[in-house]
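J.: output the structure for:
(2 chains)
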There are 2 protein chains.
Amino acid sequence: LNETADVGIVGAGQLARMMLQAAIPLGLRVQVLAASPSDGGAIVASNVVIGSPDDPEALRAIAQSCRALTFDHELVSVPVLQQLEAEGYCIRPASSVMAVSQDKRLQRDLFSSCGLPVPRYAIVQEIEEAERFADETEYPVAVKAARGGYDGRGIWKVETENQLKDLTGSLLAREITPVIEPWVRLEREVAILIARRPGGETVVYPLVETVQERGMLKELVAPAEVPESLHETAAWIAIEVASALEVVGLLAVEFFVVDGELWINEIATRPHNSGHYTIEGTVTSQFEQHLRAVLDLPLGATGLTAPHVVTVNVVGSETQQDSDQSLRDALTVPGAHVHLYGKSWRPGRKLGHVTVAGDDLELVRSRARAAAAYLAGG
Amino acid sequence: LNETADVGIVGAGQLARMMLQAAIPLGLRVQVLAASPSDGGAIVASNVVIGSPDDPEALRAIAQSCRALTFDHELVSVPVLQQLEAEGYCIRPASSVMAVSQDKRLQRDLFSSCGLPVPRYAIVQEIEEAERFADETEYPVAVKAARGGYDGRGIWKVETENQLKDLTGSLLAREITPVIEPWVRLEREVAILIARRPGGETVVYPLVETVQERGMLKELVAPAEVPESLHETAAWIAIEVASALEVVGLLAVEFFVVDGELWINEIATRPHNSGHYTIEGTVTSQFEQHLRAVLDLPLGATGLTAPHVVTVNVVGSETQQDSDQSLRDALTVPGAHVHLYGKSWRPGRKLGHVTVAGDDLELVRSRARAAAAYLAGG
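T.: Below is the predicted model of the structure:
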């Protein structure tokens, strides 16, 4: 081994960027594998290797130079990770976990086998199976690509049998397995983060409400204003999933609230958009926590730092702004913690987020929205 | 101009390191001028130039590549900075401010001319002046080198006339101007931070108590538990000093409390050890605030995030520790925010600090001390 860093990160997006920020105070050395030197994580890193996450040699090289290898995103070949594990490298979370995080079908099967609440679903091998499912549950239904979807991509609301035939036929023809579910009439969405060390120690964060817009997370409210029983159930489910998966690092579990009950929607096995509020809003940020977990260091406290914390995503508006002026305007908002991801503007692109913490939820929310609106422009 | 960064920092110690951390979320590009690539700030920077702060060409080069040049330390030639200002570069704080921050004699003269409370003092040109001062005020007296002292170096407690003659004679022979003062029987020490933008806008932080040991800051308690009138007086003095100096960026004012009154001890015109608690303990950290001020961006809120915040410095103990195990132990302490400066161990060297925030001062303090003790070892 030729270790030059404590942690290697595959991918150099905003999650890597925020992990780099969290690594500084802990004195941890981080190397990132960036697809491009202009990636948001690469431009703030002191130790960057340019390479593709699809290149087995690039992955082997970064695994060789680090005590533990972790990820900014899921888009990494599981067989390559398995090979690296067989060679003795420390991959966290493990290839078996990455396989599940990449595949909604494996997620559904895992949750079902653990007896956890998931919406009724079917894995579609033939168009007829989808039709039968939809006939039984009634339209509309949700059809999801088992792999590759995110931020609202790879998920469709299907209203009619003809639409269903066309969509599932087209997915199957492209060798993408559709997962079909009833279109859930949800009251709200909530999410919870948990961190787990290799030995099984876990810490659970507060349950938060997530507000989506066009399939992309728009706003987070911590803690979620739902009955205490849902907080307890969510924490219990998070522990069950983390233990069943034997995840190492952060796990985010996203839920639908339907008729006052929690249904698991999906999971991510890394720091997650639903946990950005933790940077200022909890004692230990999800990014520091992830580094601590993957290095098998003691985990940190997860309590809120204020009664209410709101995070609003900054999504590029239709018209480009003067970014200097946008920042200047956003910084006039009292208590606004601005986080920019080092990305150039594009309509609909996640450019950053703003967090505000305080005693008065309405004030906190309006300030976070105001600062995010300045940064998004438009 | 060939700007490659928003802010240039002369020096790459822990202050630069923590400024780099604060720059990431704001999307600010930072270049550091490091004496060595292994400096604590250099090892986490994506844009480092190796060079001496004494080299005018190195200073010109970094001034050229940045919108504003600022400092990790005061040890920079004022005439060189004046020359760069004459060439049109943006130096913040200005050379005139750097001159005062380097020289305790200029500081004393400034405070006196503003009518601010300083201990009685004399600038010593001849040994006899020191003797006369000591006879009038009685021994012991404090003798300070006007320039170059820090962390307890450059300050002496003098008990007898013979000691005084020897010391002042030796300083004058080395062309160091001694400043003589009564040895203050202080009750405690307190400090306050203020940030000022070029146009004169200021924000003031809470008054904190600073506990020194062997002339080095050991512990910070925020807010200081002193009468409200002292908080008000300290804020007023900070505004007076910042305005008189026309400082841009952070200013720290350190005070003695003597017979219930504030006396100015000294100032620093940059982020300061007495403000490390602000990273988690106030809404806007001093490092973010300094960057905002030197770039003339709106300043941030300075309120405390918890009723009590304690920061304890980590100072290398006499025996070297296993740093992995020290970190592991420190992270077991609930709520401990560990900050390491990327420095190798040496007895008496400042290696980092720990901050804990919470409702119960005694609990907060004991936790911060426990985590710092693990990191310091010994």
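J.: ends of stretch A:281-291, what's the gap?
T.: Across its full length, stretch A:281-291 reaches 18 Å between end residues, using CA to CA, to the nearest Å.
J.: do stretch A:143-156 as well
T.: Terminal residues of stretch A:143-156 are spaced 5 Å apart (CA to CA).
J.: can you pull out the helices in the stretch 251-378 of chain A?
T.: Along the stretch 251-378 of chain A, the segments classed as helices by DSSP state H, counting those that start in this stretch run A:278-281, A:286-294, A:323-330, A:361-376.
J.: try the stretch 1-150 of chain A
T.: Secondary structure of the stretch 1-150 of chain A, counting by DSSP H, counting those that start in this stretch: helices at A:14-26, A:56-64, A:78-86, A:95-101, A:104-113, A:127-137.
J.: deepest of the ones you listed, which one?
T.: helix A:14-26 (a mean of 25; mean count of other CB atoms under 10 Å in any protein chain shown). Where you see a C-beta, it was placed from the backbone N, CA and C, and this is true even at glycine.
J.: do that helix and chain B come into contact?
T.: Yes: legend: contact between helix A:14-26 and chain B by CB under 8 Å from any CB of the partner chain is shown at A:Arg17, A:Met18, A:Leu20, A:Gln21, A:Ala23, A:Ile24, A:Pro25, A:Leu26.
J.: my guess is the first one contacts A:Lys343. True?
T.: Just to be clear, that refers to A:Arg17. No: using CB atoms under 8 Å, A:Arg17 makes no contact with A:Lys343, being 9.7 Å away.
J.: kindly state the pLDDT recorded for the residue of the stretch 151-300 of chain A found nearest chain B?
T.: When CB to the nearest CB is the measure, the stretch 151-300 of chain A has its nearest residue to chain B at A:Pro298, with 4.2 Å between them. According to the per-residue confidence, A:Pro298 scores 98 in pLDDT.
J.: not counting sequence-adjacent ones, nearest residue to it?
T.: The shortest distance from A:Pro298 to any residue other than its chain neighbours is 4.2 Å, reached at B:Leu331 (CB to CB, 6 or more residues apart in numbering or on different chains).
J.: count the residues that sit near the one you found.
T.: Residues contacting B:Leu331 under the criterion other CB atoms under 10 Å in any protein chain shown number 21.
J.: swap in the one 10 residues further on?
T.: In terms of burial, B:Tyr341 registers 21 neighbours under the definition other CB under 10 Å.
J.: quick one: A:Val48 from A:Gly11, how far?
T.: For A:Val48, the distance to A:Gly11 under the criterion CB to CB, to the nearest Å works out to 12 Å.
J.: got any residues that touch both of the two?
T.: Common neighbours of A:Val48 and A:Gly11, counting by CB atoms under 8 Å, 6 or more residues apart in numbering or on different chains, are A:Val32, A:Ala34.
J.: which regions of the stretch 51-200 of chain A lie under the pLDDT threshold?
T.: Residues of the stretch 51-200 of chain A that meet the criterion pLDDT under 70 lie in A:149-152.
J.: identify the residues contacting the residue in it that chain B sits nearest to.
T.: Shortest the stretch 51-200 of chain A-to-chain B distance, computed as CB to the nearest CB: residue-wise this is A:Arg67, at 10.1 Å. For A:Arg67, the contacting residues are A:Glu3, A:Ala5, A:Asp6, A:Val7, A:Cys90, A:Leu295, by CB under 8 Å, 6+ apart.
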